[in-house]
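> Structure, please.
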Amino acid sequence: HFSNFHNGISNSITMQSTGKSLKEALLCAQSEDRLTVGVYESAKIMTDDLDSVSFCVLAMDGEFQCDIALQIHFTLIQSFCFDNDISIVRVSDMQRLAEIVGDKVEPLEDAHCVLITNPADGSWEDPALQKLHLFCEESRSLNDWVPEISLPER
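Residues are numbered from 1 along each chain as shown. Modelled structure (predicted):
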């Protein structure tokens, strides 16, 4: 019984540090102008410049449950990521995601999908993002194709 308990603990620690890595990766990408926010914008980049996409975050919120069009977009974006080996995670708190990636001036209408693109000069990825790729690989090996990450509170 003990080993299960232990796994649970290490799991929640991983969850926290993964959430922190996600926040760091988003802020880093934002400061380097490598962030695309919004379902339509993201879909457009995936269509126009697929090779530039490194990481995808989908945010599921209450609205998502009732919005069929959004669900269809999510399904398309997910299969796109699977087909092209792009790491993809989901978060349940879109407000929090919007706070992190939005500018302070106006609240974001649509932070349901956020893409991180590769540095244009092909420079080294930031360590937080590498951690996230690793996390996604591990999750996929456990058949968790779109693992959920909890973003840290402020």
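> And the helices in the protein, which stretches?
2-31, 39-48, 62-66, 68-83, 94-101, 127-141 (DSSP state H).
> Among those helices, show the one with the smallest mean pLDDT.
Of all the helices of the chain, helix 2-31 carries the lowest average pLDDT, namely a mean of 74.
> Spatially, what comes nearest to Glu148 if we skip its sequence neighbours?
Arg90 (5.1 Å; CB to CB, 6 or more residues apart in numbering). Where you see a C-beta, it was placed from the backbone N, CA and C, and this is true even at glycine.
> and that neighbour, how many neighbours?
16 (other CB atoms under 10 Å).
> about what we covered before: tell me which of the helices of the chain sits most buried.
helix 94-101 (a mean of 20; mean count of other CB atoms under 10 Å).
> can I get the CA coordinates of it in CSV?
Taking Å, rounded to 0.1, in the frame of the first residue of the first chain, the C-alpha atoms of helix 94-101 are listed here in CSV:
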residue,chain,number,x,y,z
MET,A,94,-8.5,29.5,-18.7
GLN,A,95,-8.7,32.6,-16.6
ARG,A,96,-5.3,31.9,-15.1
LEU,A,97,-3.9,31.1,-18.5
ALA,A,98,-5.3,34.4,-19.8
GLU,A,99,-3.8,36.2,-16.9
ILE,A,100,-0.3,34.8,-17.7
VAL,A,101,-0.3,35.3,-21.4
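> on contacts alone, who are the packing partners of it?
Packing partners of helix 94-101 (3 or more CB pairs under 8 Å, 6 or more residues apart in numbering; DSSP states H and E): helix 2-31, strand 53-59.
> where's the residue nearest the centre of the chain relative to Gln16, distance?
Centre of the chain computed as the mean C-alpha position; nearest residue by CA atoms, centre = their mean is Val57, 2.2 Å away. Using CB to CB, to the nearest Å, Val57 is found at 17 Å from Gln16.
> hang on, the earlier thing: excluding chain neighbours, what is closest to the residue nearest to the centre of the chain?
Val114 is the one closest to Val57 (CB to CB, 6+ apart), at 4.4 Å.
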